[in-house]
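J.: Build the 3D model from these lines:
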Amino acid sequence: MKYTNSLTLLTLLSAIALLGCGGPRADYSLVDLVKGHGTITLDGTPLPDAVVTFEDPTDDTMSYAKTDANGNYTLQFDSEMSGVKVGKKVVRISTTRKLLALAGKPGEEDSDGDPAEVKTKPVELVPDKYNKNSELTADVVQGTTQYDFELLTK
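T.: Reported below is the predicted structural model:
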């Protein structure tokens with residue numbers, strides 16, 4: 001009897017462990033996503049290393065990206081799926097904003113090959129009207145994938 005109870009418990013624990021291995025998966029068919037990309041310029045020059053967010057004011061979700069050396073970006077909905085939800089978005093662009101999803105790895109080295117040091121607070125290159133108090137919006141619709149922004153400091 002003791003052996004049967006132990007075997008039953010072991011079988012149950014094994015089944016639970018196997019179910020947990022795959023982890024929960026998001027059902028992206030429930031979210032109306034559009035691929036989104038574009039280019040950001042500041043005073044006519046590509047803006048590298050800027051964090052771009054498309055924020056949905058109705059449900060507090062957002063898509064995010066970081067611009068490359070040429071100011072190009074491609075939006076991510078989360079760590080597994082690219083895109084942005086359909087609808088009106090508030091767009092924020094910042095050269096100092098940090099997002100956990102875009103963070104570098106701990107112990108990352110700087111360009112000299114030395115461990116990265118704590119540096120002084122970086123200066124925001126983008127005016128508040130494009131980030132903290134953003135006036136930028138995008139109407140994300142099916143069929144439109146490119147969202148370019150030409151920012152001006154003055």
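J.: For this protein, which segments count as strands?
T.: For the chain, the strands identified by DSSP state E occupy 33-34, 37-42, 45-46, 51-55, 62-66, 72-74, 84-85, 87-94, 137-140, 149-151, in order along the chain.
J.: what's the closest of the ones you listed to residue 27?
T.: Proximity to residue 27 (Cβ to Cβ) singles out strand 33-34 among the strands of the chain, at 12.1 Å. All C-beta spots, glycine's among them, are computed from the backbone N, C-alpha and C.
J.: Mind giving me the packing neighbours of that closest one?
T.: With contacts defined as 3 or more Cβ pairs under 8 Å, 6 or more residues apart in numbering; DSSP states H and E, the packing partners of strand 33-34 are strand 84-85.
J.: Look up how far residue 144 lies from the residue nearest the centre of the chain.
T.: Averaging the C-alpha coordinates of the chain gives a centre point, and the residue nearest to it by Cα atoms, centre = their mean is residue 64 (3.3 Å). Spatial separation of residue 64 from residue 144 under the definition Cβ to Cβ, to the nearest Å is 19 Å.
J.: Make CSV from the strands of the chain and add mean pLDDT and distance to residue 100 to it.
T.: CSV is the format used below for these (pLDDT from 0 to 100; distance: least, Cβ to Cβ, whole Å):
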stretch, mean pLDDT, distance to residue 100
strand 33-34, 92, 21
strand 37-42, 98, 21
strand 45-46, 98, 25
strand 51-55, 96, 11
strand 62-66, 96, 10
strand 72-74, 98, 18
strand 84-85, 95, 19
strand 87-94, 96, 15
strand 137-140, 96, 23
strand 149-151, 97, 23
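J.: Deepest-packed of those strands, please.
T.: Of those, the one with the most neighbours on average (mean count of other Cβ atoms under 10 Å) is strand 84-85, at a mean of 24.
J.: out of everything not next to it in sequence, what's closest to the residue nearest to the centre of the chain?
T.: Counting by Cβ to Cβ, 6 or more residues apart in numbering, residue 64 lies nearest to residue 53, which is 5.0 Å off, once chain neighbours are set aside.
J.: cool, and residue 28?
T.: On the basis of Cβ to Cβ, 6+ apart, the spatially nearest residue to residue 28 that is not a chain neighbour turns out to be residue 81, at 5.5 Å.
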